[in-house]
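> structure of the sequence below:
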Amino acid sequence: MHCLFDYETVLKTLRRMTHEIIEKNDDLDDIILIGIMKKGLPIAQIIQENIKLYSGKRVEIVGIDISMYRDDNKKKSVEIPAIQVNNKICILVDDVLYTGRTVRAAMDALISLGRPRKIQLAVLVDRGHREFPIRADYVGKNIPTGQNETVLVQLTKDNPGVYLEKEGE
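Next comes the predicted model:
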């Protein structure tokens, strides 16, 4: 496993993304950060803290389990959070954008809750190889990868950072 960037770089990247979110959205009161479970939620929490720090506004945040909306390995039911998304700017947050299937499932889950004014996407890493016509509004780092590679984001105490793992290593 090869370290692409360390935790300090992750935090610096998320600070830049936060500034982009603040600049692109005039009314922060209308924003809901939606962290795609499991890895997107901690990233959304850091962005939420940064928005509070830089703008003084506390935006709403929620984690969403999209497993029942996936087109592979569907779970029969999951607990969908009771959030009001109608006429809100919903920013989906995830760690890595790859094929776009996770984002598609997250949009389906979100739309099942109501009619957002706008859906935006924030990802820490965009690694390419899309299978759906999906692009992120806020990208931390573009890291082109091979199909035999995996990008791992670790935000835990043990070796936090972003890593590249090649199949067979």
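> tell me which residues in the longest helix seen in the chain are buried?
Ordering each helix of the chain by length in residues (DSSP state H) puts helix 7-24 first. By neighbour count on 16 or more other CB atoms under 10 Å, the buried set for helix 7-24 is 10, 13-14, 17-18, 21-22. (Each C-beta comes from the backbone N, C-alpha and C, glycine too.)
> can I get those in TSV with distance to L121?
As requested, the buried residues of helix 7-24 are exported to TSV (distance: CB to CB, whole Å):
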residue	distance to L121
V10	18
T13	16
L14	15
M17	11
T18	15
I21	11
I22	16
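> what is the nearest of these to V62?
Distance to V62, by CB to CB, is smallest for I21 among the buried residues of helix 7-24, at 16.2 Å.
> can you tell me the closest non-neighbouring residue to that closest one?
Using CB to CB, 6 or more residues apart in numbering and skipping residues adjacent in sequence, the residue nearest I21 is Y138, 6.1 Å away.
> with V123 instead?
L97 is the one closest to V123 (CB to CB, 6+ apart), at 4.2 Å.
> any idea how far stretch 98-109 is from the chain center?
Counting by CA atoms, centre = their mean, to the nearest Å, stretch 98-109 is centred 11 Å from the centre of its parent chain.
> looking at this, Q84 is in a strand?
No. Counting by DSSP: H, G, I helix; E, B strand; the rest coil, Q84 is located in no strand; its state is coil.
> which residues sit in contact with it?
Residues near Q84 by CB atoms under 8 Å, 6 or more residues apart in numbering: G114.
> P116 versus that one, what's the distance?
Applying CB to CB, to the nearest Å, the value for Q84 to P116 is 10 Å.
> can you count the residues close to H129?
14 (other CB atoms under 10 Å).
> quick check: pLDDT value at it.
If you check H129, the pLDDT there is 94.
> right, and it touches E149 too?
No. Counting by CB atoms under 8 Å, H129 stays clear of E149, with 9.9 Å between them.
> count the neighbours of D65 for me.
Residues near D65, counting by other CB under 10 Å, number 17.
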